[in-house]
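Visitor: Return atomic coordinates for the entry below.
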Amino acid sequence: MVSISFLMSELTDPFEVFTLSLLSSLLVDGPNSPFYKALIETKLGTDFSPDSGFNNSTRDTYFSIGLQGIAKEDVNAVKEIIAKTIGEVIENGFEPVRIEALLHKMEIQLKHQTTSFGLSLASYLASSWNHGVDPVDMLKVGEKIEKFRQLLKENPGFLQEKVKQYFQDNPHRMTLTMSPDDDYYNKQAQLESEKLNQKVKALSEEERKQIYEKGLELQRLQSEPQDLSSLPALKVSDIEPTIPYTEVELACAGDVPVQYCAQPTNGMVYFRAVSSLNYLPEDLKSYVPLFCSVLTKMGCGVYNYREQAQQMDLTTGGMVVCPHVVPDDSNVDMYEQGVLFSSSCLDRNTPGMMNLWSEIFNSPHFEDVERLRVLVKMIAQDLSNSIPDAGHLYAQIRASKTLTPSGELQELFRGMDQVRMMKRIAEMSDLGSLLRKMSRIRKFLLLGDSLRCSVNATPQQMPEASKQVEQFVSGLFRNKKERKLIRPVVEKPLPPSSSCQNENSPKVSRKLVSDIHFKPCQMKTHFSLPFPVNYIGECVRTVPYTHPDYASLRILARVMTAKFLHGEIREKGGAYGGGAKLNFDGVFAFYSYRDPNCLSTLSSFDKAIEWAKAGKFSQQDIDEAKLSVFSAVDSPVAPSDKGMGLFLNGVSDEMRQKHREQLFAVSHTDLSDVAYKYLTIGHSTRGAAILGPENPGVAKDPTWFIR
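Guide: Model prediction:
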């Protein structure tokens, strides 16, 4: 990796920081940016260096640009390309349409409502406020946009001058290069061992005795219960007994069911659609995540991929496609499989957004093999980079692979199997066959058959949004005659809901599948990776969402995490974190991340089960766990996401209310009973996975599968 960083302005000049932030986006964001064209599309590397872009978290702001995944001999070539690109930007400037697209993006960011608005705002203000900047001035984004427009109007070369000032004429820069060392962790371990030996040898007998006694004292303090009586706390009785219901309307656009949810969306329209995977041949399944990632980045209709990206920036707040695998709420062996399409826009741009979806569905481009190669390398690099940050999630996905049919598909789509497959594809010399697979998948997915949609918008905008959705679905291809179901489908109607505005609404069904040949079984997998720490997951198959014991297991996971696992795994074991949780698919998961231990942590999971079966927790512990669970159950829902529990998961407000009542009713006896009934070894099927360094203890155990 090579990266060049340039010192920018001080944080104390809000408008200058605002301008530099815009300039950074113009330089690196999207396939139309100068550095993307110059660095990514040269195929010298796999992706931008992780620090690329503008950083304003410190008083002295800076901009970094670089490339990762390059050959060592190409370092100078990358530096020359960066310098050349800066010169070209100074000479040619930026296209006005790209500047407009960026300002449009900022307008959407101002209008889009999120549940973390206050926290995001505080984070945005914190650095500048700490250095004496007026926070009120920071909030006047509209004024800064107007000032920026005015300066650009008075001086068309305004941004080019900034590039010359901060990049070409700037002597304050640093070049960083990094090269891999296969023996890095061994060298680090040796240095640490030598340093420890030196420290130990320098200790007197009295000092050794003091350290030992302090260790015993720490161990004693860690095992003592803490007095929390002086801390302010909510009571379970403070929680509202009922939930507010969300009104939705179910209708049909032609033969496609559509869910409409009128909400105060602040002038935004949110569109989602799910297309079924039930007809897709099995040999294409593993390529679905790649198909989703490249679909909106290859071009469509009359647009090449650059023009498509520009149109998306000008008319939408982003268009996202991702796999959709949702277990059934009442049967852990059944699930819905599909692809989820999501986008948002300002209400005035609804026709433009839906037109783009029409072009993507009807005329996607799958001809440019070089464009695909660039995207494949970036995706593979991103997946590899994600393991150190989310290794415990990969471990949980792998551990649940053999427990449920949906778990098997999740591993294929989101687990280590997908990471390894993308690595192999990125190393292929000929991607022609991959393009053909993308085209084949398109013929089964981008159709009006088995599609269902949802729209969240203001009541005033809903008629126009409805009209645009109807035009969109009426123009989609149908192909019912040639498609054959790969697996038997169970039609499960959406649960009846008093929140539905129209009693005459069409009966909408989710098409669920299962695998009659699937049998839950135990599997333990160790992925040997060059990390100094472990990421661990152990999963147990339990019960689905609507089962009466689901609520007890959910509370039990929080009790175990707060009152046993945190102390054993983090405080005593030295891991960054760990705990237990119950997933929607009925899989009870134990996990730890950045864990120096391995087998001892798995032993702690077993001890936690015995601790729970023995009922070694108080009513106060249960109440605290309930408060923690309800903080998630009652977390705010943005207007854009209202009604999504019903649309995406098939969970109605009535089902949520019943689950709420079950959570309130959980007792001490219930927790011990479900721990014995489901978590005791031999009572339920379980799986385990470890991502981390080689472990002699695991290697000697024949029950572990080493990869």
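
Visitor: Helices along the stretch 251-400 of the chain, start to end?
Guide: 288-294, 305-315, 350-362, 369-399 (DSSP state H, counting those that start in this stretch).

Visitor: And the contacts of the third one?
Guide: Put plainly, it is helix 350-362. Residues outside helix 350-362 that contact it (C-beta atoms under 8 Å, 6 or more residues apart in numbering) are 269, 271, 273, 295-296, 300-303, 308, 311-312, 314-316, 319, 341, 343-345, 446-447, 461, 464-465, 468-469, 471-472, 475-477. Backbone N, C-alpha and C define where each C-beta goes, glycine included.

Visitor: Please spell out the PyMOL selection for the buried subset of the residues you listed.
Guide: Buried members of the contacts of helix 350-362, defined by 16 or more other C-beta atoms under 10 Å, are picked up in PyMOL with:
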select buried, resi 269+271+273+295+296+300+301+303+308+311+312+314+315+316+319+341+343+344+345+446+447+461+465+468+469+472+476
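
Visitor: circling back to that earlier point, the helices of the stretch 251-400 of the chain into a markdown table, with extra columns for distance to Leu103 and mean pLDDT?
Guide: Converted to a markdown table, those look like this (distance: least, C-beta to C-beta, whole Å; pLDDT from 0 to 100):
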| stretch | distance to Leu103 | mean pLDDT |
| --- | --- | --- |
| helix 288-294 | 27 | 98 |
| helix 305-315 | 10 | 95 |
| helix 350-362 | 16 | 97 |
| helix 369-399 | 26 | 96 |
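
Visitor: Rebuild those as CSV, extending it with distance to Ser120.
Guide: Formatted as CSV, the helices of the stretch 251-400 of the chain follow (distance: least, C-beta to C-beta, whole Å):
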stretch, distance to Ser120
helix 288-294, 26
helix 305-315, 21
helix 350-362, 24
helix 369-399, 20
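
Visitor: related to what we said a few turns ago, so which of the contacts of helix 350-362 sit within strands?
Guide: Val269, Phe271, Ala273, Met319, Phe341, Ser343, Ser344, Cys345 (DSSP state E).

Visitor: Of the residues you listed, which is the nearest to Gln219?
Guide: The closest of the ones in strands among the contacts of helix 350-362 to Gln219 turns out to be Ser344 (C-beta to C-beta; 52.9 Å).

Visitor: Tell me who's in contact with Gly66.
Guide: By C-beta under 8 Å, 6+ apart, the contact set of Gly66 is Met1, Val2, Ser3, Ile4, Phe48, Ser49, Asp51, Ser52, Val78, Ile82, Leu176.

Visitor: 10 Å - rerun?
Guide: 1-5, 35, 39, 45, 48-52, 75, 78-79, 82, 175-178 (C-beta atoms under 10 Å, 6 or more residues apart in numbering).

Visitor: So which of these are in helices?
Guide: Among the contacts of Gly66, DSSP state H puts Phe35, Val75, Val78, Lys79, Ile82 in helices.

Visitor: Which parts of the stretch 451-600 of the chain are strands?
Guide: Under the criterion DSSP state E, counting those that start in this stretch, the stretch 451-600 of the chain contains strands at 451-457, 489-493, 509-513, 523-528, 534-541, 577-582, 587-595.

Visitor: What strands flank the longest one, and is each parallel or antiparallel?
Guide: Paired strands of strand 587-595, with direction, are strand 534-541 (antiparallel), strand 577-582 (antiparallel) (DSSP bridges).

Visitor: quick check: angle from the least confident helix or strand in the chain by mean pLDDT to strand 509-513?
Guide: Here the helix or strand of the chain ranked lowest by mean pLDDT, DSSP states H and E is strand 489-493, holding a mean of 80. Comparing the axes of strand 489-493 and strand 509-513 via axes from the mean of the first three to the mean of the last three C-alpha atoms, to 10 degrees yields an angle of 150 degrees.

Visitor: where does the stretch 551-700 of the chain dip in pLDDT?
Guide: Within the stretch 551-700 of the chain, no range satisfies pLDDT under 70.

Visitor: Let's see that with 90 instead.
Guide: Applying pLDDT under 90 to the stretch 551-700 of the chain picks out residues 682.

Visitor: distance of Tyr212 from Leu648?
Guide: To Leu648, Tyr212 is 56 Å away according to C-beta to C-beta, to the nearest Å.

Visitor: Same check on Glu359?
Guide: Relative to Leu648, and taking C-beta to C-beta, Glu359 is found at 25 Å.

Visitor: Cool, thanks, talk later.
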